[in-house]
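Undergrad: okay, sequence plus prediction incoming.
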Amino acid sequence: DTGVSQDPRHKITKRGQNVTFRCDPISEHNRLYWYRQTLGQGPEFLTYFQNEAQLEKSRLLSDRFSAERPKGSFSTLEIQRTEQGDSAMYLCASRSLDFGLAGNDGELFFGEGSRLTVL
Amino acid sequence: AQTVTQSQPEMSVQEAETVTLSCTYDTSESDYYLFWYKQPPSRQMILVIRQEAYKQQNATENRFSVNFQKAAKSFSLKISDSQLGDAAMYFCASHQGGSEKLVFGKGTKLTVNP
């Protein structure tokens, strides 16, 4: 088990460009989450998936943001027409609903994050 | 709506000493969970300790323990015998039963001095 992995770790882009982040959750974790963390703040919930279904989206997730998890494994988070306010760390996390695993109810396993800087 | 407040932006402790990080929360739900997460510099966030609201007994995990005061909506983290590796950002978070969203506080940066 290699943990939650995110790619790229760092992305610098110019305002107006599109960016895409990828998250590979822990295998067999059927729930996957995206959070955003800005400097000096705690993470803020963006969205989550159960398998391939996107079940909840935060109001923070404007129409420029789209997340997918097409086969219920990895997920992508795309930001279109980036703005300087999008600069943040984007965190992915996963957990299992199977209480037999280490991931008990409420415990999330986080990746190291993808840091976005919009110039 | 849930809110989580951490009133200490920074704390410091001497190695081997004890430190307490404060957290207060607000929720209208009776079914909820509380967590402390640790985020070392440039590394992933990891769970330190969790507390189910329906349990009166305070959770403990080795050197980490909580003081859960349900009526006061307070959830502090005590770190005993502090070690250099404990230096990190610590986030308090709450999770309501039936919701998939964790609500985090702004964090407390803990420095451990040798």
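TA: That came through, no problem. Residues are numbered from 1 along each chain as shown, chains lettered A, B, ... in the order given.

Undergrad: so where's the chain shaky on pLDDT?
TA: Reading this off chain A. Scanning chain A for pLDDT under 70 picks out the ranges A:1, A:98-106.

Undergrad: try again with chain B
TA: For chain B (pLDDT under 70), the answer is B:97.

Undergrad: residues from it in reach of chain A?
TA: Contacts of chain B with chain A, taken as C-beta under 8 Å from any C-beta of the partner chain, map to B:4, B:33, B:35, B:42-47, B:50, B:91, B:93, B:95, B:100-107. Yep, even glycine has a C-beta here, placed from its N, CA and C like the rest.

Undergrad: make a ChimeraX selection of the buried ones in these.
TA: The ChimeraX command for the buried members of these (criterion: 16 or more other C-beta atoms under 10 Å in any protein chain shown) is given here:
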select /B:4,33,35,44,45,47,50,91,93,95,100,101,102,103,104,105,106,107
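
Undergrad: run through the strands of chain B in chain order.
TA: For chain B, the strands defined by DSSP state E cover B:3-5, B:10-14, B:19-21, B:24-26, B:32-39, B:46-52, B:60-61, B:64-69, B:74-79, B:88-96, B:102-104, B:108-113.

Undergrad: next one: chain A
TA: Ranges of strands in chain A, per DSSP E, are A:5-7, A:10-13, A:19-24, A:31-37, A:44-50, A:53-57, A:65-68, A:75-79, A:88-95, A:109-110, A:114-118.

Undergrad: save those strands as a markdown table, and put in mean neighbour count too.
TA: Formatted as a markdown table, the strands of chain A follow (neighbours: other C-beta atoms under 10 Å in any protein chain shown):
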| stretch | mean neighbour count |
| --- | --- |
| strand A:5-7 | 18 |
| strand A:10-13 | 14 |
| strand A:19-24 | 19 |
| strand A:31-37 | 24 |
| strand A:44-50 | 21 |
| strand A:53-57 | 13 |
| strand A:65-68 | 18 |
| strand A:75-79 | 20 |
| strand A:88-95 | 24 |
| strand A:109-110 | 22 |
| strand A:114-118 | 19 |
